[in-house]
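Visitor: Provided below for reference: sequence and predicted model.
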Amino acid sequence: MRLVCLMALFVGLSLAPTAAPAAADPDASSTTQAVLDYISGLASKADRRVISGQYLGGGTIDAINAIHDNTGKWLGLLGADYYPQVYQRKPVSYAVNADLIDYWNAGGLVTITVHIPNPNGGEIKRSATNVTDFVAVVTEGTDQNTAWRNELSGIADGLQQLQEAGVVVLFRPLHEMNDGWWWSTGNITWFGNLWVDMWDYMTTTRGLHNLLWVYSPGYISGYDPATVYPGSQYVDIIGQSRYTSSLDPTAIDNYGKYIDLHKPYGLGEYGPNTAASGNGPTPFDWHTLIVGIRDHFPLTSFFQAWAGSWGMDNTYNFGQQELLSDPWIVNRADICIPGVPAHTQGCVPPTGGPDAPSGLRVR
């Protein structure tokens, strides 16, 4: 096993990027580029190379505080959503921005997922009666395009607040476009056009230069992520979704295809499978996540645990302390991005023990 682990690490290091790529946005702020440089370099490090993260949805910070209370660790990455009622057609909400700004100012990183409702009307889920005319959505002057622009405008308003506060966002829109469960899968050949339209609106029209764009397909065995890849000029980071309680060598059988895109790679969503995520017969050991990454998928640079029963705050499962204490894990106190205020805690060698109090109890 030790030989297999060392071989995986050697292969991983040999494939790791040798130079940080420029951000997709040519006008990205220096702080945005610095965050990308940091994430791009993690896979080449001997330790502190996988950022821990937790998705909150549009909810409160309680899950993050609960994880800290249980483990003594503040996670490296805080995830949120501007559409907290995921399966309902509700207005955009960026009330979570206050928590994101606090977490950034305390030295953490932030990511935003957006479950955008169908601009053709209806909810996010795709069905026989909830279809989308993708051509109309990106064609100026149509009703669908007007609705799409209104949705993007609301999202951009929230992202602009974060830009004004100096917060860099790992922006994860239109995720799991290959899974077939929501409207963005309605015409998969048009997905690239939809992505580029959103990218151009956010970057050019709204002048948002604090975004790192995360392309995040769902896991399908053998799936080639290049199938609908918008292009390297529109993507900064890869964030695949994967739900499994066993991160063995077959758990991500298309891992190499993601690495071939030559972008930093992580798990944009992760959780134990359904049977182990609730109060089922088999509690999940969270430490096995980093063991599987180290042994089989060593170029993984971050993970975002999903909310609810999948989350690290679910105390039915166990191993959170061992996971967050593993030498490969990057918690908030381990982040080192020189020149970025509050993000240099990890530049000082740790003294051991629980994270030092930040003086800030995030709401």
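Guide: Perfect, I can see it now.

Visitor: Would you state the strands of the stretch 201-350 of the chain in chain order?
Guide: 211-215, 237-243, 265-271, 300-305, 329-330 (DSSP state E, counting those that start in this stretch).

Visitor: in this protein, which spans are helices?
Guide: Listed in chain order, the helices found in the chain under DSSP state H are 2-15, 30-41, 62-71, 97-105, 134-137, 143-164, 191-200, 255-259, 274-277, 287-296, 320-324.

Visitor: Make CSV out of the strands of the stretch 201-350 of the chain and add mean pLDDT, distance to N317 and mean neighbour count.
Guide: Bear in mind the C-beta positions are built from the backbone N, C-alpha and C, glycine included. As requested, the strands of the stretch 201-350 of the chain are arranged in CSV below (pLDDT from 0 to 100; distance: least, C-beta to C-beta, whole Å; neighbours: other C-beta atoms under 10 Å):
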stretch, mean pLDDT, distance to N317, mean neighbour count
strand 211-215, 98, 26, 25
strand 237-243, 96, 13, 22
strand 265-271, 97, 10, 27
strand 300-305, 98, 10, 27
strand 329-330, 98, 17, 25
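
Visitor: And stretch 157-173, how far out from the chain middle?
Guide: On the basis of C-alpha atoms, centre = their mean, to the nearest Å, stretch 157-173 sits 14 Å off its chain's mean C-alpha point.

Visitor: Actually, stretch 219-226.
Guide: Per C-alpha atoms, centre = their mean, the centroid offset for stretch 219-226 relative to its chain is 18 Å.

Visitor: Same check on stretch 255-269?
Guide: How far stretch 255-269 lies from its chain's middle: 12 Å, per C-alpha atoms, centre = their mean.

Visitor: Look at that stretch and report the distance between its end residues.
Guide: Distance across stretch 255-269, first residue to last, is 15 Å (C-alpha to C-alpha, to the nearest Å).

Visitor: ok, now stretch 315-335?
Guide: Start-to-end span of stretch 315-335 (C-alpha to C-alpha) is 26 Å.

Visitor: Ok, stretch 182-191 next?
Guide: End-to-end distance of stretch 182-191 (C-alpha to C-alpha): 12 Å.

Visitor: ok, now stretch 70-82?
Guide: Stretch 70-82 has an end-to-end distance of 27 Å (criterion: C-alpha to C-alpha).

Visitor: Could you verify my assumption that I101 touches V168?
Guide: No: if you go by C-beta atoms under 8 Å, I101 and V168 don't touch, sitting 11.6 Å apart.

Visitor: the more surrounded of the two?
Guide: More crowded of I101 and V168, by other C-beta atoms under 10 Å: V168, with 27 against 18.

Visitor: Contacts only, for I238.
Guide: 214-216, 225, 258, 261, 263-266 (C-beta atoms under 8 Å, 6 or more residues apart in numbering).

Visitor: In a markdown table: those, plus distance to Q320.
Guide: A markdown table is the format used below for these (distance: C-beta to C-beta, whole Å):
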| residue | distance to Q320 |
| --- | --- |
| V214 | 24 |
| Y215 | 28 |
| S216 | 24 |
| P225 | 30 |
| Y258 | 26 |
| L261 | 31 |
| K263 | 29 |
| P264 | 24 |
| Y265 | 23 |
| G266 | 19 |
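
Visitor: which of those lies closest to V291?
Guide: Lowest distance from V291 to the contacts of I238 (C-beta to C-beta) belongs to G266, with 16.6 Å.

Visitor: Any figure for the gap between the closest one and I116?
Guide: According to C-beta to C-beta, to the nearest Å, G266 and I116 sit 22 Å apart.

Visitor: Contacts for stretch 54-69 next, please.
Guide: Stretch 54-69 is contacted by residues 73-75, 77-86, 93, 95-96, 99, 103, 113, 269, 304-307, 311-313, 320, 324, 355, 361-363 when judged by C-beta under 8 Å, 6+ apart.

Visitor: Filter those residues down to the buried ones.
Guide: Buried subset of the contacts of stretch 54-69 (neighbour count, 16 or more other C-beta atoms under 10 Å): 73-75, 77-86, 96, 99, 103, 113, 269, 304-307, 311-313, 320, 324, 355, 362.

Visitor: how many neighbours does T32 have?
Guide: Counted with other C-beta under 10 Å, residues neighbouring T32 total 22.

Visitor: distance between stretch 145-155 and the chain's centre?
Guide: From the chain centre to the centre of stretch 145-155 is a distance of 22 Å (C-alpha atoms, centre = their mean).

Visitor: CA atoms of that stretch as CSV?
Guide: What follows is stretch 145-155, C-alpha atoms only, in CSV (Å, rounded to 0.1, in the frame of the first residue of the first chain):
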residue,chain,number,x,y,z
ASN,A,145,-33.1,36.7,-22.9
THR,A,146,-34.7,39.5,-20.9
ALA,A,147,-35.4,37.0,-18.1
TRP,A,148,-31.9,35.6,-18.3
ARG,A,149,-30.4,39.1,-18.1
ASN,A,150,-32.6,40.0,-15.1
GLU,A,151,-31.4,36.8,-13.3
LEU,A,152,-27.7,37.6,-14.1
SER,A,153,-28.2,41.2,-13.0
GLY,A,154,-29.4,40.1,-9.6
ILE,A,155,-26.4,37.7,-9.2
